[in-house]
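Engineer: fold the following, please.
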Amino acid sequence: MTESAEFKVKEITKGSAFGAYRALMYGDLGLGKIVWAELLFTLIGGLGGAAGLFLRMKLYPTLFKTCGRKVVFGKNVTIRHPHKIALGAGVVLDDNCVVDAKGADNRGIVLGDRVYVGRNTIIYCKNGDIEIGENVSFSANCIVFSSNQLTMKKNSVVAAFVYLLSGGEYDLADATPFALQKGTCTKGPLEIGEGCWLGAGAKILDGASLGDRCVIGAGAVVNQPVPADAIAVGVPARVVKTRKAAE
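Structural biologist: Numbering: from 1, shown residues only. Prediction:
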């Protein structure tokens with residue numbers, strides 16, 4: 001067994017149940033903040049109607065690294081490691097979405113002004129970083145994952161069931177079972193350019209960055225970089241047309 005695999009097994013099995021829960025949900029956040037977060041999530045996390053929206057808007061911002069004005073939190077939103085999450089003004093986290101900045105030494109997650117995160121969408125780290133620019137809109141049931149660096153510039157639209165992956169690869173040359181590997185190998189940072197449109201069910205894989213104003217067709221699997229203004233479709237995705245460049 002490799003050193004990393006042994007470390008992973010020890011981390012899973014050692015310590016108390018509370019210690020494991022704390023590591024999963026809060027990391028090195030202080031105990032007082034943890035108690036406050038637990039109270040908020042338990043008492044108002046699932047509260048419906050205008051009362052729930054109002055109370056979460058007023059009280060949830062105290063949990064985050066930074067939080068802009070008029071941030072909207074839907075019902076049953078899951079927030080993990082909130083002290084490593086920065087929310088811009090006007091961010092919307094719709095019902096049942098997850099924002100998880102877990103990691104031992106990462107910076108965490110930044111959602112810029114007016115980012116919209118649709119229902120059931122999951123944005124999460126495994127010791128990686130995620131930065132989403134202003135006016136980016138994620139539809140329902142998307143997955144955004146980083147064990148490296150994932151950057152998405154402003155003004156992009158992401159349709160439902162899109163998957164963005166930065167890192168998360170396994171070492172095929174390592175004889176260690178995949179379940180015992182960390183699963184954090186990477187081909188490099190993932191960057192999504194400004195003003196892109198990602199069609200429903202598209203998958204942008206590790207290292208396959210997109211230039212500005214790209215359009216990715218529904219169901220496409222992008223495993224190589226795509227240049228600016230390109231329209232790419234298919235599995236694997238290939239460029240079929242170039243858009244007129246912005247003046």
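Engineer: so where do the helices sit in the protein?
Structural biologist: Along the chain, the segments classed as helices by DSSP state H run 3-13, 17-25, 31-44, 49-59.
Engineer: now this structure, which segments are flagged as low pLDDT?
Structural biologist: Within the chain, the set of residues satisfying pLDDT under 70 comprises 1-15, 246-247.
Engineer: can you tell me the centre-most residue of this structure?
Structural biologist: Nearest to the mean C-alpha position of the chain, by C-alpha atoms, centre = their mean, lies residue 123 at 2.3 Å.
Engineer: just checking, that residue touches residue 131?
Structural biologist: No. The criterion here is C-beta atoms under 8 Å, and residue 123 misses it with residue 131 at 10.9 Å. In this view, the C-beta of every residue, glycine as well, is placed from N, C-alpha and C.
Engineer: what sits in contact with each of those two?
Structural biologist: residue 109 (C-beta atoms under 8 Å, 6 or more residues apart in numbering).
Engineer: for the residue nearest to the centre of the chain, what are its contacts?
Structural biologist: Counting by C-beta under 8 Å, 6+ apart, residue 123 touches 97, 98, 99, 100, 109, 111, 117, 130, 132, 138, 144.
Engineer: mind listing which of those are in strands?
Structural biologist: Counting by DSSP state E, the part of those found in strands is 98, 99, 100, 109, 111, 117, 130, 132, 138, 144.
Engineer: closest to residue 55 among the residues you listed?
Structural biologist: Distances from residue 55 to the ones in strands among the contacts of residue 123, taken as C-beta to C-beta, are shortest for residue 99 (18.6 Å).
Engineer: OK, contacts around that closest one?
Structural biologist: Residue 99 makes contact with 77, 78, 79, 80, 85, 93, 109, 111, 117, 123, 124 under the criterion C-beta under 8 Å, 6+ apart.
Engineer: then stretch 177-194 to PDB, C-alphas only?
Structural biologist: Once non-C-alpha atoms are left out, stretch 177-194 reads as follows in PDB (Å, rounded to 0.1, in the frame of the first residue of the first chain):
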ATOM      1  CA  PRO A 177      -6.800  -0.100  -5.600                       C
ATOM      2  CA  PHE A 178      -8.500   3.100  -6.800                       C
ATOM      3  CA  ALA A 179     -10.700   3.200  -3.600                       C
ATOM      4  CA  LEU A 180      -7.500   3.600  -1.600                       C
ATOM      5  CA  GLN A 181      -6.000   6.300  -3.800                       C
ATOM      6  CA  LYS A 182      -6.700  10.000  -3.100                       C
ATOM      7  CA  GLY A 183      -8.100  10.500  -6.600                       C
ATOM      8  CA  THR A 184      -6.500  14.000  -6.900                       C
ATOM      9  CA  CYS A 185      -4.200  13.500  -9.900                       C
ATOM     10  CA  THR A 186      -4.700  16.300 -12.500                       C
ATOM     11  CA  LYS A 187      -3.700  17.300 -16.000                       C
ATOM     12  CA  GLY A 188      -3.600  21.000 -14.900                       C
ATOM     13  CA  PRO A 189      -6.000  23.800 -14.000                       C
ATOM     14  CA  LEU A 190      -9.400  24.100 -15.700                       C
ATOM     15  CA  GLU A 191     -10.400  27.500 -17.000                       C
ATOM     16  CA  ILE A 192     -13.700  28.400 -18.600                       C
ATOM     17  CA  GLY A 193     -13.500  31.700 -20.500                       C
ATOM     18  CA  GLU A 194     -15.800  34.600 -20.400                       C
END
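Engineer: could I get the buried residue list for it?
Structural biologist: For stretch 177-194, a neighbour-count test (16 or more other C-beta atoms under 10 Å) marks 181, 182, 184, 185, 186, 189, 190, 191, 192, 193, 194 as buried.
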